[in-house]
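Student: Sequence and predicted model, in that order:
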Amino acid sequence: MNTSVSVKKALVEWLPALAVTLALILAWEVLVDVLDVQHWLLPPPSVIVAEIGDSFGFLMQHARVTAAETLLGFAISILLAGVLSSGIIWSRTVERTIYPLIITSQTIPIITLAPLLVIWVGTDITSKVIVIVLFTFFPIVISLVAGLRSVDQEMVDMFRTLGASPWQIFRKLMIPSALPNFFAGLKVAAVVSVIGAVIGEWFGSSAGLGWMMKIAGGQFQTARVFAAIVVLSILAMALFAAVVAMEKWVIRKYPPTANRVIRLGDS
Amino acid sequence: MSPASHQTKSTNNNIAGSEDALLAVSGIGFDYKNAPILDDVRLSVDSGEFVALVGPSGCGKSTLLNLISGVLEAREGSINTNGLIRRTERLGNVSYMQQKDLLLPWRTVAENSRLGLELNGVGKAESNERVEKLAELFGIADVLYQMPWQLSGGMRQRVALLRAVLPDNPVLLLDEPFGALDAITRRSLQQWLLNVLDTADKAVVLVTHDVDEAILLADRILVMASDPGRIVADIKVNVEAGTAATDISMSPGFNQIRARILDLLSHQEVVR
C-alpha cells in the first residue's frame, strides 16, 4: 500500500470523528455569539485558543509540573498493583487480608482525603502522588488479578507435568496471559491519573494546572480555566496514546488466543 | 461370551504382575466431591509395551492419567513409574500429552516444542538442537518458526506430541491425542505415531474412545467400566503388525478383538 492511499484511508476512517468534533466547536462558537453570553461566564472557542496562544509559556510551565506528578504517580501505581496482585494470586491468606482493604480504600471519597494529605505530608509533590496512586492502582489491580486468573487449569497442569515450578508457571504462563487485561486496566488508570493530579493540586500546591485553574477561576479568568482544561485533556490523551502504543508493541510479542476484534456492527 | 470372559479373568490376575514393569498401578481409588471416580484400579505396563485404555466416557480414563502423571493425588493405592513413588516426584518425570494441544499462542512452534526442556534448565542452544533433530521425523521442520494459529489441527497435535516426548521420560501417557481431528487426518496420524514413537524402552498408555485406534496401536487393551471406574478386561492384541492400517483392519483377528471389546462396552450399558 503506498503512502497516499493509506493517508486517504486514515482520513476516511477518522472523518466522522473529526466532523462531529468540529460541528460541536462551531455550534459552541455560534451559540455564545447569538445568545450574547458574557465571556467571563462562557468564553467561545476562539477566545480560548487566543488565551492558549497568549499564555503558552505559563501553561507549559505548569503542565510540566502536573505531567511530572502524573507520571510518577502512575509508575508507582503500576509497581504497587503488580506487587498486590501477585500476592493475591500467590496466597489465599494474602488475598483475604488485602482484598477487603483495597475495596475499602476505594469507598472512601478520595477528594476528602486530599486536604488531609496536605496537612499530613505538606504541599510538595508527595501529596499529589498519593492522590494519584489512590485513584489509579485500583483499576490496575482488578484487571491484573482477572488477567492472571484467566489462565486455563489445563494449561497450568500441562506446565506441571513438564516439571514447572510455581514461579515458572507465574512468569512463563500467567504473566503473558494477563497482558490483555492488564492493558485494559492501564488505559482506565492513564486517563484517571490526570484527574487525580488536578484534585491533589486543588487542595494545596503552588504550581501545576490544577493550581492554575483554581487561581484563574477565583479571578473570573474563565478563558484561562478552559485553556488549562484543554492542556489537561491533551496530557491525558498523550498518556493514553502512550499506553496504547506500548500495548501494541507488547501484544505483537505476546499475541493473545483470540486476535480478532469482535465488532457486532460489521457482521 | 463365556470363553472370552473366562480368558479375561485369567489375564486379570496378572495385571499388576511383573516386577520389572516401568509403570505399576495398584489398588488406586479416587474420589471427586465424595463420589468415587476410580475404585481399585490396577495395571502394569512393561518396558516396550503399548497399552490402550478404552471405556465409556466418564469412566475415569483421563483421571487415571492425571493420577499417573502426578497432576492429581489418589485417595488410596500406589503408583510406581520407574521407581518414582511420590506424586511430586512423578510430576515432570512422566511424559503426558493432553487431549487439547495447549500450545502457547505467543510462542513459535520451536519455542513450544522445547518448553519442557526449557523448564528443566536445558540451555537454548541444546534444546533447539534437539527440537531440530526430531522436527523432520515429526513433519514440522517447515513450520518451526511459525506461530500456532498458522497450523492445522493435525500439525498442532504433532507439535504437542513432540513437546511431550522431548524430555525423554520412560513413561508416556497419551489422552485421546487425535480425538479432535477428522477421520482422515486421524487415520494418517495413527500410522505416523507408530513410526515416530521410539517405544523400545518406554511404557506407553493411550486413552481413546476409538476401538479401532486401540487395536491398531496397542499391544494390549484394557477395557474400563464406569460408576466407579474400574478395569474389567485385559485383552492381548495379537493381530499381525507391520502391515498397513487398512490391511490390519480387514484381518479376521482384528474383527474378532473389535467384536469382543464392543460387546464388553455395550454389555455395560445394558447393565446400567
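Tutor: Received the coordinates, thanks.

Student: C-alpha from now on. contacts and neighbour counts both.
Tutor: Will do.

Student: Three-state assignment for the residue in chain B that chain A sits nearest to, please.
Tutor: Relative to chain A, the nearest point of chain B is residue B:92 (3.5 Å; CA to the nearest CA). Classification of residue B:92 by DSSP: H, G, I helix; E, B strand; the rest coil places it in coil.

Student: What backbone torsions are found at the most centrally placed residue in chain A?
Tutor: Centroid-nearest residue in chain A: residue A:190, 1.5 Å away (criterion: CA atoms, centre = their mean). The phi/psi pair for residue A:190 (degrees, to the nearest 10) reads phi -60, psi -40.

Student: got it, and residue B:175?
Tutor: Backbone torsions of residue B:175, given as degrees, to the nearest 10, read phi -100, psi 100.

Student: which strand residues sit across from it in the sheet?
Tutor: On the basis of DSSP bridges, residue B:175 takes part in beta bridges with residue B:207.

Student: Next: residue B:233.
Tutor: residue B:223.

Student: Quick check, pLDDT for residue A:226.
Tutor: At residue A:226, the pLDDT value in this model is 96.

Student: How about the contacts made by the residue nearest to the centre of chain A?
Tutor: Taking CA atoms under 8 Å, 6 or more residues apart in numbering or on different chains, we find residue A:190 in contact with A:74, A:136, A:236, A:239-240, A:243.

Student: If you tally nearby residues, what's the number for whichever residue of the stretch 101-250 of chain A sits closest to chain B?
Tutor: Scanning the stretch 101-250 of chain A for proximity to chain B using CA to the nearest CA identifies residue A:163 as nearest, at 3.5 Å. As a burial measure, residue A:163 scores 24 neighbours (other CA atoms under 10 Å in any protein chain shown).

Student: Could you do residue B:74 as well?
Tutor: Using other CA under 10 Å: residue B:74 sits among 21 other residues.

Student: How about residue A:214: what's its closest non-neighbour residue?
Tutor: Setting aside the residues directly before and after it, residue A:214 is nearest to residue A:202 in space (CA to CA, 6 or more residues apart in numbering or on different chains), at 6.5 Å.

Student: For the chain, give the helix that spans the most residues.
Tutor: As the question left the chain open, I've gone with chain A. The longest helix of chain A (DSSP state H) is helix A:56-90.

Student: hmm, I had chain B in mind actually
Tutor: Scanning chain B for the helix with the most residues, using DSSP H, yields helix B:252-271.

Student: can you tell me how far the residue lying closest to residue B:23 once chain neighbours are set aside sits from residue A:115?
Tutor: Closest residue to residue B:23 apart from its sequence neighbours, by CA to CA, 6+ apart: residue B:81 at 4.6 Å. With the distance defined as CA to CA, to the nearest Å, residue B:81 ends up 66 Å from residue A:115.

Student: Comparing the two, which residue is more hemmed in?
Tutor: Taking neighbours as other CA under 10 Å, residue B:81 and residue A:115 compare with residue B:81 leading, 24 against 19.

Student: and the more buried one, what does it touch?
Tutor: Contacts of residue B:81 (CA under 8 Å, 6+ apart): B:22-24, B:68, B:90, B:94, B:171.

Student: need the residues you listed in CSV with neighbour count, secondary structure and pLDDT, can you?
Tutor: As requested, the contacts of residue B:81 are exported to CSV (neighbours: other CA atoms under 10 Å in any protein chain shown; DSSP: H, G, I helix; E, B strand; the rest coil; pLDDT from 0 to 100):
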residue, neighbour count, secondary structure, pLDDT
B:22, 23, coil, 90
B:23, 27, strand, 93
B:24, 24, strand, 93
B:68, 27, helix, 95
B:90, 23, helix, 93
B:94, 26, coil, 95
B:171, 26, strand, 94
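
Student: Now the helix or strand encompassing residue A:18: buried residues?
Tutor: Assigned by DSSP states H and E, residue A:18 belongs to helix A:3-34. The neighbour-count check on helix A:3-34 (16 or more other CA atoms under 10 Å in any protein chain shown) flags A:28-29, A:32 as buried.

Student: Please apply the same query to stretch A:31-47.
Tutor: Result for stretch A:31-47 [16+ other CA under 10 Å]: buried residues A:32, A:39, A:43-45, A:47.

Student: Closest to chain B out of those?
Tutor: Chain B lies nearest to residue A:45 out of those, by CA to the nearest CA, at 47.7 Å.

Student: Identify the residues contacting the residue lying closest to that closest one once chain neighbours are set aside.
Tutor: Of all residues not flanking residue A:45 in the chain, residue A:29 sits nearest, at 6.0 Å (CA to CA, 6+ apart). Going by CA under 8 Å, 6+ apart, residue A:29 touches A:44-46.

Student: distance of the residue nearest to residue B:199 when sequence neighbours are not counted from residue B:211?
Tutor: Among residues not flanking residue B:199 along the chain, residue B:48 sits closest, at 5.4 Å (CA to CA, 6+ apart). Residue B:48 is 21 Å from residue B:211, where distance means CA to CA.

Student: what residues does stretch A:32-50 touch?
Tutor: Taking CA under 8 Å, 6+ apart as the rule, stretch A:32-50 contacts A:25, A:28-29, A:220-224, A:226-227.

Student: Confirm that residue A:220 sits in a helix.
Tutor: No. Assessed with three-state DSSP, residue A:220 is coil; it does not lie in a helix.

Student: Break the chain into its domains for me.
Tutor: Here I'm looking at chain A. Listed by automatic domain parsing, the domain ranges of chain A are A:1-36, A:38-266.

Student: my question was about chain B
Tutor: Split into domains by automatic domain parsing, chain B comes to B:2-94+B:173-271, B:104-168.

Student: Tell me which of those domains sits nearest to residue A:148.
Tutor: When those are compared by CA to CA, domain B:104-168 sits nearest residue A:148, at 15.0 Å.

Student: what about the helices in the chain?
Tutor: I went with chain A, as the question did not name one. A:3-34, A:45-54, A:56-90, A:92-107, A:110-121, A:125-149, A:153-161, A:166-169, A:175-202, A:209-218, A:222-253.

Student: hmm, I had chain B in mind actually
Tutor: Applying DSSP H to chain B gives helices spanning B:2-12, B:61-69, B:87-90, B:109-113, B:115-119, B:124-138, B:153-165, B:183-196, B:211-217, B:245-250, B:252-271.

Student: Out of those helices, which is the most enclosed?
Tutor: Across the helices of chain B, averaging neighbours per residue (mean count of other CA atoms under 10 Å in any protein chain shown) puts helix B:109-113 on top, at a mean of 25.

Student: For the residue nearest to the spatial centre of chain B, give its distance to residue B:23.
Tutor: Chain B has residue B:206 as the residue nearest its centroid, 2.1 Å off, counting by CA atoms, centre = their mean. Using CA to CA, we find residue B:206 at a distance of 13 Å from residue B:23.

Student: ok now do the residue sitting furthest away from the middle of chain A, which residues does it touch?
Tutor: The C-alpha centroid of chain A is most remote from residue A:161, which lies 40.6 Å away (CA atoms, centre = their mean). The contact partners of residue A:161, by CA under 8 Å, 6+ apart, come to B:69-71, B:91-96.

Student: try it again with 7 Å
Tutor: Counting by CA atoms under 7 Å, 6 or more residues apart in numbering or on different chains, residue A:161 touches B:69, B:71, B:91-92, B:94, B:96.

Student: For residue A:123, which residues are in contact?
Tutor: A:204-205.
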